[in-house]
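In: let me see the structure of the following:
(2 chains)
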Protein chains: 2
Amino acid sequence: MAVTVLRLGHRPERDKRITTHVCLTARAFGADRVLIAERDDKLVENVRGVAKRFGGDFVVESGTGWKRVLQDFDGVKVHLTMYGVPVREGAGAVRPGRDLLVVVGAEKVPREVYDLVDLNVSVGNQPHSEVAALAVFLYEALGPDVLAREFPGAPMRIRPSARGKIVEGSTDEDPDAMPDDP
Amino acid sequence: MAVTVLRLGHRPERDKRITTHVCLTARAFGADRVLIAERDDKLVENVRGVAKRFGGDFVVESGTGWKRVLQDFDGVKVHLTMYGVPVREGAGAVRPGRDLLVVVGAEKVPREVYDLVDLNVSVGNQPHSEVAALAVFLYEALGPDVLAREFPGAPMRIRPSARGKIVEGSTDEDPDAMPDDP
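Out: Sure thing, here's the model as predicted:
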């Protein structure tokens, strides 16, 4: 099963940090690919930079639009929104044998999106964050082991530790440095 | 058990959206209170506005600093970081009879924080987002039912639906409108 995240409503200046967090959260929680409907070359470059440092084959593209992506996708399509059915019910709709598309909007999502997906899923019915919603949905849909996935080819790797930072690998880079640093 | 989230390293202009998402995620996932170490009156006002519209007794304060908060806190103190022990191990350290403090940083977290907490916990060992980490940690530590919690006194309430938006309550406001709209 391949997992794609479709990000809608991205506005380059305003949303660069939130969309960066959406991309990195998608990658860390088992998605193979993020499509950003609106074009933002700088953001794509930054996210690719992090993905390269930490390994794996994560794909990110921007300027893909959303309608045709939704219409053409062959698999289960889920939209994360404050208005949907509970997350556990939504996660139950995911089928291991079918590809998964998870749609996350910014504030205003066109009505059509609600109708083009198989299911509108809500991670709680309170306002919070598309980053939080994406993380918890993927965690429920793919299972907790998704966090233990290996990312091959990483020049940099973190070793879990109750106290302090243990970084393995030959690099002078600081793994804390996020791509959206000013 | 009262749950407090301590947000470190907030820079008002740059981090306003991420910190807003941290606050709303904290509220939606069962925290009673967020303390933002650095002062940002505008952000606090915005988050309080959302909390008021959606009910409950959520508290948010800024300019609290962090060292004394950490030193004086009576309860279990957990720091979410890419470098810590796995989230399920970390969630297991939470005790229903004791208050909980969850620390989330921005990029650079002072070394002292790692030492002042009881446990450094990692939601995966890949770089992603403090918003995602907070959501998944609270979801694991407090349990999935945390999302079904009631928020008394809300003028606005969402009813779960597989298709479209059902908003109950007497208001002209759009629940989609986030507080950090330009």
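
In: C-alpha from now on. contacts and neighbour counts both.
Out: OK.

In: so where's chain A uncertain?
Out: A:170-182 (pLDDT under 70).

In: now the farthest one out in it, which residue is it?
Out: Largest separation from the mean C-alpha position in chain A: residue A:163, at 28.5 Å (Cα atoms, centre = their mean).

In: would you say it is within a strand?
Out: No: using DSSP: H, G, I helix; E, B strand; the rest coil, the assignment for residue A:163 is coil, not a strand.

In: now it: how far from chain B?
Out: 6 Å (Cα to the nearest Cα, to the nearest Å).

In: give the contact list for that residue.
Out: Listed by Cα atoms under 8 Å, 6 or more residues apart in numbering or on different chains, the contact set of residue A:163 reads B:84, B:114, B:115, B:119, B:120.

In: restrict those to those near chain A?
Out: Applying Cα under 8 Å from any Cα of the partner chain to the contacts of residue A:163, one finds that B:84, B:114, B:115, B:119, B:120 fall near chain A.

In: what strand or helix carries the first one?
Out: With elements taken from DSSP states H and E, the one containing residue B:84 is strand B:76-86.

In: got a list of contacts for that strand?
Out: A:158-166, B:70, B:90, B:93-95, B:98-105, B:113-114, B:117-127, B:130, B:133-134.

In: how many other residues sit next to residue A:156?
Out: Neighbour count of residue A:156, defined by other Cα atoms under 10 Å in any protein chain shown: 18.

In: I'd assumed residue A:52 was in contact with it.
Out: No: using Cα atoms under 8 Å, residue A:156 is not in contact with residue A:52, being 9.5 Å away.

In: re earlier: report the buried members of the contacts of strand B:76-86.
Out: Among the contacts of strand B:76-86, the ones that count as buried by 16 or more other Cα atoms under 10 Å in any protein chain shown are A:158, A:160-165, B:70, B:90, B:93-94, B:99-105, B:113-114, B:117-127, B:130, B:133-134.

In: any idea how far the spatially most central residue of chain A lies from residue B:23?
Out: With distances taken as Cα atoms, centre = their mean, the residue of chain A nearest its centroid is residue A:26 (2.3 Å). Using Cα to Cα, to the nearest Å, residue A:26 is found at 21 Å from residue B:23.

In: same thing with residue A:103?
Out: Per Cα to Cα, residue A:103 is found 23 Å from residue B:23.

In: quick revisit: looks to me like the residue nearest to the centre of chain A is in a helix.
Out: Yes: applying three-state DSSP, one finds residue A:26 inside a helix.

In: the strands in chain A, which residues?
Out: Applying DSSP state E to chain A gives strands spanning A:3-7, A:33-36, A:59-62, A:76-86, A:100-104, A:119-122, A:157-158, A:167-168.

In: now the ones you listed as CSV including distance to residue B:33?
Out: Formatted as CSV, the strands of chain A follow (distance: least, Cα to Cα, whole Å):
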stretch, distance to residue B:33
strand A:3-7, 30
strand A:33-36, 33
strand A:59-62, 36
strand A:76-86, 22
strand A:100-104, 27
strand A:119-122, 23
strand A:157-158, 31
strand A:167-168, 33
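
In: packed most tightly, which of the ones you listed would that be?
Out: Mean neighbour count (mean count of other Cα atoms under 10 Å in any protein chain shown) peaks for strand A:119-122 among the strands of chain A, with a mean of 26.

In: how close does residue A:125 sit to residue B:146?
Out: In terms of Cα to Cα, residue A:125 sits 11 Å off from residue B:146.

In: returning to that earlier point: check contacts around the residue nearest to the centre of chain A.
Out: Residue A:26 sits next to A:5, A:32, A:33, A:34, A:134, A:135 when contact means Cα under 8 Å, 6+ apart.

In: and if you look at residue A:126?
Out: Applying Cα under 8 Å, 6+ apart to residue A:126 gives the contacts A:82, B:28, B:54, B:158.

In: ok, now residue A:37?
Out: For residue A:37, the contact set (Cα under 8 Å, 6+ apart) comprises A:6, A:7, A:8, A:9, A:10, A:62, A:63, A:64, A:65, A:66.

In: also residue A:36?
Out: Contacts of residue A:36 (Cα under 8 Å, 6+ apart): A:6, A:7, A:8, A:10, A:60, A:61, A:62, A:63, A:64, A:65.

In: quickly list what it is bridged to.
Out: On the basis of DSSP bridges, residue A:36 is bridged to residue A:7, residue A:62.

In: what about the closest residue to residue A:151 other than its chain neighbours, distance to residue A:150?
Out: Sequence neighbours aside, residue A:56 is the residue nearest to residue A:151 in space, at 4.3 Å (criterion: Cα to Cα, 6 or more residues apart in numbering or on different chains). Distance of residue A:56 to residue A:150, computed by Cα to Cα: 8 Å.

In: between those two, which one's more packed in?
Out: Taking neighbours as other Cα under 10 Å, residue A:56 and residue A:150 compare with residue A:56 leading, 16 against 13.

In: need the contact list for that one.
Out: A:150, A:151, A:152, A:153, A:154.

In: now those as CSV including distance to residue A:41?
Out: Converted to CSV, the contacts of residue A:56 look like this (distance: Cα to Cα, whole Å):
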residue, distance to residue A:41
A:150, 27
A:151, 24
A:152, 25
A:153, 24
A:154, 23
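
In: who wins for neighbours among those?
Out: Using other Cα under 10 Å as the neighbour criterion, residue A:151 leads the contacts of residue A:56 with 17 neighbours.
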